[in-house]
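**Student:** predicted model, plus sequence, below.
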Amino acid sequence: MTKRNSFWYVLIGLIAAGCSGGNKSAATLPLPEVAVVTVTPQPLVLTTELPGRTSPYLVAEIRPQINGLIQKRLFTEGADVQVGQELYQIDPAPLQALFDKAKANLTSIRLRAERIQSALGSKAVSQQDFDDADAALKQAEADLETARINLAYTKITAPITGRIGKSSVTDGAIVTAYQSAPLATIQQLDPVYVDVPQSTSDLLRLQRRLADGRLTRDGNNQNIVQLILEDGTKYPAEGTLQFRDVSVDPTTATVILRMVFPNPNGVLLPGMFVRTAVKEGVSDHAILIPQQAVTRDPKGNPLALIVNAAGVVEPRMLTLDRAIGDKWLVTGGLAAGEQVIVEGLQKARPGTAVRVAK
């Protein structure tokens, strides 16, 4: 063997020994450690937050039913008033005079009708005379009743119980019957309505999920609604979903949901912006995973890494429904019992073996 050949045999031997030692070193490296959560389907009540505004339960605009002069305003602006409470006094003098006149006229006509009726038996008057007198009596009675009603209208009273706003007139103002501008407005604020627009696309999605069994109704609790105030605090009392409108607003493609909330302390005022948590239904096998377990591919599609039964990392493309707290609701891509990596994602690579931390 020549010296040249001997050199190459030695070099190859050294390289082989080095490679053998490197493989042995690599084989002894510890596997990357990851933390996982096990997918466990669970029943979950799904809700959706929708913005809305409050409105009074009852509204009454106060208008006069006769012409006249306001003698006195009899309420405190901004106060609570009771049904039947007197609010304004219109000068009754002209209408009192008309009432007295109608009353006196009725007395005269009634006496005349009685005399004609007595004479009718002796044929001293004709039947036509009696019919005319009887018709005049009925007309006089109707005139008196009209005068009585108009006189009663001089006292303007509250048609509902609620809180009254500012007065648009002062003492001495001239008002006309059924004028366009109200004298004041009463609003009943306990309870109050909350009107919430819901898009027709969300409504159709909900109907499909109920139809295919992915959601079920929550029995008697289905119509219970939670309220969140403008400052983010939760309103202490629960409300009730009364109805969903049957007409779609063509300009916004929404339907109106009307809810009723108790308001004993007057916290909710008309026109206030609020958010409502409306129950959609119950998902019997909902899958929730921490948001930190979800990453995105270059196209923005959500995915998660799982550890399979062989301890090897696998990627899973996900279908996400919504965020619930610090978790994602997953509707596709995961099955019960699978282990989703939540920590150590930077060390986990698809196709590599990992060790699950205990």
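**Tutor:** It's in.
**Student:** for the nearest residue to V83 once chain neighbours are set aside, grab phi and psi.
**Tutor:** Nearest residue to V83, sequence neighbours excluded (Cβ to Cβ, 6 or more residues apart in numbering): T161, at 4.8 Å. (C-beta placed from N, C-alpha, C; glycine too.) Main-chain torsions, T161, degrees, to the nearest 10: phi -90, psi 130.
**Student:** need the contact list for T161.
**Tutor:** 80-83, 188 (Cβ atoms under 8 Å, 6 or more residues apart in numbering).
**Student:** that one and D171: what is the separation?
**Tutor:** 25 Å (Cβ to Cβ, to the nearest Å).
**Student:** direction included, what does the longest strand anywhere in the chain pair against?
**Tutor:** Counting by DSSP state E, the longest strand found in the chain is strand 42-62. Strand pairing for strand 42-62, using DSSP bridges, gives strand 184-199 (antiparallel), strand 273-290 (antiparallel).
**Student:** what about that strand, distance to the chain center?
**Tutor:** Mean-position distance between strand 42-62 and its chain equals 2 Å (Cα atoms, centre = their mean, to the nearest Å).
**Student:** tell me the buried residues in it?
**Tutor:** Neighbour-count burial for strand 42-62 flags 44, 46-47, 50, 52, 54-57, 60, 62 (criterion: 16 or more other Cβ atoms under 10 Å).
**Student:** could you tell me the least trusted of the strands paired with strand 42-62?
**Tutor:** For those, the weakest mean pLDDT is recorded on strand 273-290, namely a mean of 86.
**Student:** can I get that one as CSV, trimmed to CA atoms?
**Tutor:** Extracted in CSV, the C-alpha atoms of strand 273-290 (Å, rounded to 0.1, in the frame of the first residue of the first chain):
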residue,chain,number,x,y,z
PHE,A,273,-76.5,53.8,24.7
VAL,A,274,-76.1,50.2,26.1
ARG,A,275,-75.0,46.8,25.0
THR,A,276,-77.0,43.7,25.5
ALA,A,277,-76.0,40.0,25.9
VAL,A,278,-78.6,38.1,24.0
LYS,A,279,-78.7,34.3,24.3
GLU,A,280,-78.5,32.4,21.0
GLY,A,281,-78.8,28.9,22.5
VAL,A,282,-76.8,26.0,24.0
SER,A,283,-74.0,24.2,22.2
ASP,A,284,-73.9,20.8,23.8
HIS,A,285,-70.4,19.9,22.6
ALA,A,286,-68.5,23.3,22.4
ILE,A,287,-64.7,23.2,22.1
LEU,A,288,-62.8,26.0,23.8
ILE,A,289,-59.0,26.4,23.6
PRO,A,290,-56.8,29.2,24.9
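**Student:** next one: that strand to chain centre, how far?
**Tutor:** 15 Å.
**Student:** ok, now stretch 141-156?
**Tutor:** On Cα atoms, centre = their mean, the centre of stretch 141-156 falls 44 Å from that of its chain.
**Student:** could you dump it to PDB, C-alpha only?
**Tutor:** Extracted in PDB, the C-alpha atoms of stretch 141-156 (Å, rounded to 0.1, in the frame of the first residue of the first chain):
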ATOM      1  CA  GLU A 141    -129.200  67.300  26.800                       C
ATOM      2  CA  ALA A 142    -126.400  66.600  24.300                       C
ATOM      3  CA  ASP A 143    -125.500  70.300  24.400                       C
ATOM      4  CA  LEU A 144    -125.300  70.200  28.100                       C
ATOM      5  CA  GLU A 145    -123.100  67.100  28.100                       C
ATOM      6  CA  THR A 146    -120.800  68.800  25.600                       C
ATOM      7  CA  ALA A 147    -120.500  71.900  27.800                       C
ATOM      8  CA  ARG A 148    -119.800  69.700  30.800                       C
ATOM      9  CA  ILE A 149    -117.000  67.800  29.000                       C
ATOM     10  CA  ASN A 150    -115.400  71.000  27.800                       C
ATOM     11  CA  LEU A 151    -115.500  72.500  31.300                       C
ATOM     12  CA  ALA A 152    -113.800  69.400  32.600                       C
ATOM     13  CA  TYR A 153    -111.100  69.800  30.000                       C
ATOM     14  CA  THR A 154    -110.000  73.000  31.700                       C
ATOM     15  CA  LYS A 155    -108.200  70.800  34.200                       C
ATOM     16  CA  ILE A 156    -105.400  69.100  32.300                       C
END
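**Student:** which other residues reach that stretch?
**Tutor:** Counting by Cβ under 8 Å, 6+ apart, 62, 64-66, 68, 86-92, 95-96, 98-99, 101-103, 105-106, 183 sit against stretch 141-156.
**Student:** now do the helices in the protein.
**Tutor:** Assigned helices in the chain, in chain order: 3-27, 93-120, 127-152, 200-211 (criterion: DSSP state H).
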